[in-house]
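Undergrad: Here's a sequence, model it:
(3 chains)
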Amino acid sequence: MYRYDDFDQTFVNERVEQFRDQVARRLSGELTEDEFKPLRLMNGLYLQLHAYMLRVAIPYGTLSSTQLRKLAEISRKYDRGYGHFTTRQNLQYNWPALKDTPDILAELATVEMHALQTSGNCIRNVTADQYAGVAAGEVDDPRIYAEVLRQWSSLHPEFSFLPRKFKIAITGCANDRAAIKVHDIGLVVVQNEAGETGFEFWVGGGLGRTPVIGKCINPFVAKRDLLSYTEAVLRVYNMLGRRDNMYKARIKILVNETGVEEFTRLVNEEWAEIREGYLELPEEEVQRIRAFFAPPAYEALEADPAEFMQKLDADPAFADWAHANLAPHKVSGYAIVNLSLKPIGGIPGDVTDSQMEAVAGLADQFSFGEIRATHEQNLTLPHVRQKDLYALWEALQALDLATPNVGLVSDIIACPGLDYCALANARSIPVAQMISDRFADLKRQHDIGPLKIKISGCINACGHHHVGHIGILGVDKKGTEFYQITLGGSAEEDAAVGQILGPAFGYDEVTDAVENVVNTYLELREGPGETFLQMVRRTGVTPFKEALYEAA
Amino acid sequence: MAKKDSAGPQVITANRLDDGVVVYFATDKDAVQWVEKIADASILIGDALNAALVRAEQTVAANEVVDVYPIPVDEAKHPQSRREAVRAAGPTIAYGAP
Amino acid sequence: MKLLKDGKPVSDDWTHLDDADPAPAAGGIIVSLARWREERDALLKRGQVGIRLKSDEAPAQIRDDLGHFGVIALEFPVYRDGRAFSYARLLRERFGYKGELRAVGNVLFDQLAFMHRCGFDTFEVQKDPDADRFAEALSTFSMRYQRAADDAPTALELRHKARRNVAQEGR
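TA: Next up, the predicted model:
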């Protein structure tokens, strides 16, 4: 894990004091709400439907047990005893008081955390593959470069008042778990033919009102050029991005209106000016940061030890969990364990203070004290010995964190929706709960296989509905909630925007509609080997549409 | 800014500045008062609403609350919009520890 | 309106001239880009001229004329419009402009440090407390993560300097 040095710690401490001063000036009336709003947003503080909401950055989704304990403590001391993991690997508190936020930030700073740039029209918290450093086939650990970008973007004097927010995601694998193609900049760590490490640069992806899959504007930017190339993209965007209409202000619109070729030319022209000079990323710094992400002291273990294999045979419930919630680790005898924050009928991404503390303890016991947050609103213990899996599973069951549904129909992404969000038009969470309850039968879920449902409560698409295999968008029609269904989206390496199925469904109808879609798949698939997404791509939406609308 | 164009009964709402809590305006108390329960709010209409909005806006200047606006309600003080109903009653889901 | 320079309020030797108003016989005037283009020869003859660029007027357009201006004022029409941060860096770092670079428009206290780092050296601020706390705004952060027009060393550079010193002592 990255650890702050004196520079990092001083910076975050000074930022806390700056915000303390800003809050004091607001409470005294020296700052009006209009003046204060951009300042609080740059520190992740929103005013939502019921109260303030503080969004804490979890850079590239990596947490230590110490940090998770602090998050639990803050939730108990300053909030209502729970937190909510978001689709950008952050944690949100839903009920903090403005007057407490400087103290909350000061507490976060003691464990090397902050809420910098989790909102506002600036470069947001950089996200990464939750399996970074442990996935087989990874070219290089993306967290090294995410940390480089985190530091470079922190209070960047030129890029803190961009036309709109700016999100960067990075993966070190061809298999994309970080949704890089729906980010303003998406990076894939790659090697060129000479064996040098660099980045595929995808620009202009995004969801919201205008969903766009990013375009690759450079297939190989060398490691040393990471900052100069990123700065070139940001400068072109800052100067030319639209500012007349906030719905057209994201970089995806600039790329589309300018044309990819011309945009790329502008970036290259700018890059040529700044490529040589102080923006060059020194290998020394890469090595300094790399050392923090050195592998923990793994033991030499045999793969698939007998005690693990026996439990798989003996305990079908454990086998179900192992099938859905484990991922292969690059080191023999270890596994990556996903903790589902999607209990049947639960609130996607919510965790209580006691769950957070218990997970911190399990991370210390089984995973070198390390935890990851995923963009699909789950948690991951990245380094667990296979022989410990059964004991870990038993402990997770007691915490309601062992639902064997990762990647299945009840592993639903949902935004907070109208239950919390001031922008939402409809509720998301209870829709996720109804669908989860409907598919509660785990045998049925495993039979259905990989299926990602993503729900947003408004067009801003925080629930990534456009890229759900089944996407659900809540809309308001004359005071009543309706839900529009899309099929065939994907946020992974085969990224695609889903296609709208037809007229929207009422709150009480949407679960039936989803079940109808799933049943159509089960009926028409070419055997269990064909996933839901594969079938939609094979057949298009027509058979689903017919089954759904013509039956009615 | 506050909208004053609806003809029916309304209550005035805002968020308290220092803790963000949703509050409603009560005019029948001794002093100007923001209350946490919509049941304790005053139903206002016409000139009384406009006069109350002026007083309510003054508390924005006094750094008590932010974002003052009136919302249409029925006679039982139930907000007519779903958004305001959720805001008045809290999330429609059970959250936190069971 | 106050003008801040070197951490304190100073008197303003320049007048913002509306496009419709005639230029006074003497004294510094700041004109729009449109006026500069229309009356370039007359303004050059008169001297004591500065230019004011709107946020959609990139400074590349005046690159060849930089030597003629006593001041360049870049406009922030609203605090959200951050184009002039880039313009300021280009003027200082790429075009080599050494004269007065002034932030005008919606210039907020909490943006002064960013502006200063991007190369602005004078600021037309709207509120008095801003002026009084100017020095404070610039000293909030004792270190930085990026180079900009201020040329101060970054955390990265200081880190590696420290490391090299340690390495040398060790020899």
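Undergrad: going forward, measure contacts between C-alpha atoms and count neighbours the same way
TA: Noted.
Undergrad: Show residues contacting the least confident helix or strand in chain A by mean pLDDT.
TA: Every helix and strand of chain A was ranked by mean pLDDT, DSSP states H and E. The lowest is helix A:33-41, at a mean of 92. Residues outside helix A:33-41 that contact it (CA atoms under 8 Å, 6 or more residues apart in numbering or on different chains): A:F19, A:Q22, A:R26, A:Y46, A:Q117, A:T118, A:S119, A:G120, B:V66, C:D110.
Undergrad: Looking at those residues, which is nearest C:I72?
TA: C:D110 (21.9 Å; CA to CA).
Undergrad: Enumerate every residue touching the closest one.
TA: C:D110 makes contacts with A:L39, C:A137, as judged by CA under 8 Å, 6+ apart.
Undergrad: In three-state terms, label it for me.
TA: helix (DSSP: H, G, I helix; E, B strand; the rest coil).
Undergrad: Would you mind finding the longest helix in chain A?
TA: In terms of residue count, the longest helix belonging to chain A (DSSP state H) is helix A:6-28.
Undergrad: What strand or helix carries the residue nearest the centre of chain A?
TA: The centre of chain A sits closest to A:H375, judged by CA atoms, centre = their mean, with a distance of 2.4 Å. Under the criterion of DSSP states H and E, A:H375 resides outside all helices and strands.
Undergrad: what's around the nearest residue to it once chain neighbours are set aside, how many residues?
TA: Residue nearest to A:H375 in three dimensions, not counting chain neighbours: A:T87, with 4.2 Å by CA to CA, 6 or more residues apart in numbering or on different chains. A:T87 has 23 neighbours, counted by other CA atoms under 10 Å in any protein chain shown.
Undergrad: I'd like the distance between A:T87 and A:G61.
TA: Distance from A:T87 to A:G61, counting by CA to CA, to the nearest Å: 10 Å.
Undergrad: Kindly report the same for A:R372.
TA: 5 Å.
Undergrad: Tell me which of those two has more neighbours.
TA: Remark: of A:R372 and A:G61, A:G61 carries more neighbours, 26 against 23, as counted by other CA under 10 Å.
Undergrad: now the contacts of helix A:33-41 as JSON lines including distance to C:D6 and pLDDT?
TA: Output for those, formatted as JSON lines (distance: CA to CA, whole Å; pLDDT from 0 to 100):
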{"residue": "A:F19", "distance to C:D6": "25", "pLDDT": "97"}
{"residue": "A:Q22", "distance to C:D6": "23", "pLDDT": "95"}
{"residue": "A:R26", "distance to C:D6": "27", "pLDDT": "96"}
{"residue": "A:Y46", "distance to C:D6": "35", "pLDDT": "97"}
{"residue": "A:Q117", "distance to C:D6": "29", "pLDDT": "93"}
{"residue": "A:T118", "distance to C:D6": "33", "pLDDT": "95"}
{"residue": "A:S119", "distance to C:D6": "32", "pLDDT": "95"}
{"residue": "A:G120", "distance to C:D6": "30", "pLDDT": "93"}
{"residue": "B:V66", "distance to C:D6": "37", "pLDDT": "96"}
{"residue": "C:D110", "distance to C:D6": "17", "pLDDT": "87"}
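Undergrad: just those residues now: which is nearest C:K8?
TA: Using CA to CA, these come closest to C:K8 at C:D110, 16.4 Å.
Undergrad: Look at C:E75 and give its secondary structure.
TA: Under three-state DSSP, C:E75 comes out as strand.
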